[in-house]
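Engineer: take a look and give me a structure for this.
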Amino acid sequence: MSQLDPTGVESVTDERPADNIGGFSADDEVASLENGDLGIGEPTTMPGIARAGMVAFEAPPEAPQAPSLPIPRAPQAAAVTRKAVSGSYGGVLGAFQVELRVDIDRTRPMRRLSGDFYQTTGRTVAHVGSFVVDAPTITASATQYVVKGKGRFTFAATAPLIQVTIPRVQPSQPQAAATLQFLSAAGVSGAIYHCAYESPYFRTVRIETDSVSDVAPPLFASYDTGSLPSGGAGRPISVVGAFAEAGIAMSPTAGGNVIDVREAGIDATWSDAEMHASMQQHFSLWSDLPQWCVWQLVAHQHDEGPLLYGIMFDQAGKERQGCAVFHAGIGGGTAERQRDQLYTYVHELGHCFNLLHSWQKHLASPPQASRPESLSWMNYPWKYPKGSAPGYWANFDFRFDDEELIHLRHGFRNDVIMGSSGFGAGAALGRDVLADPIQDESGLVFDISTHQNSFALGEPVVLQLKLQATDTRGRRAHTWLHPDCGLVHVVIARPGGEMRAFEPMIDHLVGERQQLLGAGDKVEESAYIGYGKGGLYFDQPGRYQVRAAYSALDGSQVLSNILTIRVRYPVSETDDKLAELFVGDEQGALLYLLGSDSPSLRAGNEAFDEVLDRYGSHQMAAYASLAKGVNAGRAFKTIGPAGPARIVVRSPRAQESAALLADATGAQVLDPLCSDKAQISLAAAQARAGGQPGARMTWQKYSAMSAGR
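Structural biologist: Below you'll find the model as predicted:
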């Protein structure tokens, strides 16, 4: 048997055409049939599935057969109910194992086949590849389903034609096994797998949910969708039930810890850096490997305040393994708050399955059409173009849309499983965003800039973003300009022409924040874009072009100017050494997080220590001082290992923070908005260290600088 191709044409010795095996030939039309063509009946609840929130379709009765003679008429045959066959199956052939997914009946059938191959070598098992049949021909008889079509593969398959045969059985009989057969384009039979039925679900994910002690009860359990007007049937839904309705089994693990936050004192809010470090320390299933495991933390409030509802953790190499929700803006026991909690929990977990926002689908790889009007878990209610939040909730039926179901059930394994492929890909952003719009009647203008046009190799590139109205009557706009919030997208053309989308390390779910922009009004933000999910973006000398797109309330994509940034070649031994100390993934993560105590970033912190020790007078040292100074000034919380449910708090080092931040602000190389943030942090550190006069002077300096701009 081939060690590379589990479809295994070369493993079959009888190479006669497979016309006698299911009638499949290379000339067969591969086309999807509608449910009516299959005769699938109305939905009926099946035992063992309803509790999980899934509904199965009852197979239709078979048509009576008329005798050859018209008289006398034979009695009609009794209707026979058959079990639904959709779900997951598993089979083995030699060293290969296959996980097969059949999706042709039950709730919202997507009429597809898909599967994953694994190979055992000694005591190790490796993923070989995935396949999907997008438009199979589906034939239903009284005794079996035959599903066949041409597959898409993640590897070069010598037998790309696929046929699955599943006997149809009565409800009292055990679920029948499926026969999965691969054939070459010429109809030559390849590998045949006999696959036992495993589950009505297409995929199973272990989920660990923990909460922090300052989250006010009641903790979320479920929401009855009939409590408030909505677009679907009223039913109680939990987080597990919401995914069960999508055909995904979420299996809770032995987590459920309540983590004591009292040791944090007044510093009980959470930063991105603390969340990132806590996942690696506390999540008992965390691993730097792809696996069907996810962690969800329920906390009270993020540093950004109550309008930040949730975040998805991300870091290159181990993405989409955890998320957090924050109850400061969604907590409570009213029907509206319970609805908000269900939505937020499912939305953030949807990101962990690599689902983009509804208006971001064009950023996927391969790209899809964005669907800002989609009534999906992955849309923002307040951004819904047909009536904002009231219109969304009145029509939302608490489901993923069809394209999202196809991804969840049938996406290639590495594009869905936690800890594997990156969140989206951004491949579609490229030249379409760099090109000027044909027409723009948004009434808004979006500008980007940097405080300098040229940067040393390794120097952090911070983008300044500004939104203004061009219409004298004003324009209502949301004010979330930071790319972390998913409403502004940045594309970077690197030296040589490669297009890369900036993808923030941590995705934020935000609530509604709008402002009427009149003449002269502006909204400003700054964002470090040197590091994200794609790693380092400005890691070689040369000229870069940058453009950003603002997603407006009405769905318009308002494009910024195109900004040219030059990254200089090192011209001295000091320049070269500083570039070496700054150009690294850990250093990029520390600049993004504004410092961290995470052990996984120890090498980055050591590099910054060397910068300060050896090159403290160089202007590049200001960036290391800023990251380490902000981090030293906060009480850094880390949720301890899974056993003891407690938070480990490192107390603020106020004097160290004040000294570092004074160096950072004194160097005068920071952009204005970063300088403002550094001044505020410096004043807080000075006050905490007991230096009230110094804190007042810093605050006065910051106020004067702000007023002068």
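Engineer: count of neighbours near R500?
Structural biologist: 20 (other Cβ atoms under 10 Å). In this view, the C-beta of every residue, glycine as well, is placed from N, C-alpha and C.
Engineer: which of the helices or strands spans it?
Structural biologist: Using DSSP states H and E, the element containing R500 is strand 499-502.
Engineer: what's the mean pLDDT across that strand?
Structural biologist: Here strand 499-502 scores 89 as its mean pLDDT.
Engineer: same for it, what does it pack against?
Structural biologist: Contact analysis of strand 499-502 by 3 or more Cβ pairs under 8 Å, 6 or more residues apart in numbering; DSSP states H and E lists helix 430-434, strand 488-493 as its packing neighbours.
Engineer: so what strands line up beside that strand?
Structural biologist: strand 488-493 (antiparallel) (DSSP bridges).
Engineer: tell me where the stretch 401-550 of the chain has strands.
Structural biologist: 444-449, 454-456, 462-469, 475-478, 488-493, 499-502, 507-510, 514-517, 522-528, 531-532, 535-536, 542-551 (DSSP state E, counting those that start in this stretch).
Engineer: next: the stretch 51-200 of the chain.
Structural biologist: Under DSSP E, counting those that start in this stretch, the stretch 51-200 of the chain gives strands at 56-57, 87-93, 96-103, 112-121, 124-133, 137-140, 144-150, 152-153, 161-167, 178-183, 189-199.
Engineer: related to what we said a few turns ago, out of the helices and strands packed on strand 499-502, which gets the lowest mean score?
Structural biologist: helix 430-434 (a mean of 50).
Engineer: need the residues that contact stretch 663-673.
Structural biologist: Outside stretch 663-673, the residues that touch it by Cβ atoms under 8 Å, 6 or more residues apart in numbering are 450-451, 462, 464, 524-526, 616, 619, 621-623, 625-626, 629, 675, 678-679, 682, 705, 709.
Engineer: I misspoke; the intended subject was stretch 581-588.
Structural biologist: Against stretch 581-588 from outside (Cβ under 8 Å, 6+ apart): 316, 457-460, 530-531, 535-536, 539, 600-605, 607-608, 610-611, 620, 623.
Engineer: let's see it at 6 Å
Structural biologist: Residues from elsewhere that reach stretch 581-588 (Cβ atoms under 6 Å, 6 or more residues apart in numbering): 458, 531, 535-536, 539, 601, 603-604, 607, 610-611.
Engineer: residues touching Y380, list them.
Structural biologist: Counting by Cβ under 6 Å, 6+ apart, Y380 has no contacts.
Engineer: go again using 8 Å as the cut-off
Structural biologist: With contact taken as Cβ under 8 Å, 6+ apart, Y380 is in contact with 357-358.
Engineer: the closest residue to Y531 other than its chain neighbours in helix, strand or coil?
Structural biologist: In space, and not counting its chain neighbours, Y531 is closest to G588: 2.9 Å by Cβ to Cβ, 6 or more residues apart in numbering. Three-state assignment for G588 (DSSP: H, G, I helix; E, B strand; the rest coil): helix.
Engineer: can you get me a residue count around W270?
Structural biologist: W270, neighbours per other Cβ under 10 Å, totals 25.
Engineer: I'd say P109 and D103 touch.
Structural biologist: Yes. Look at P109 against D103 with Cβ atoms under 8 Å: they come within range, at 5.6 Å.
Engineer: mutual contacts of those two, please.
Structural biologist: By Cβ under 8 Å, 6+ apart, the residues touching both P109 and D103 are S86.
Engineer: quick one: low-confidence parts of the stretch 1-150 of the chain?
Structural biologist: 1-4, 9-80, 124 (pLDDT under 70).
Engineer: pretty sure A277 belongs to a helix, no?
Structural biologist: Yes. A277 sits within a helix when classified using three-state DSSP.
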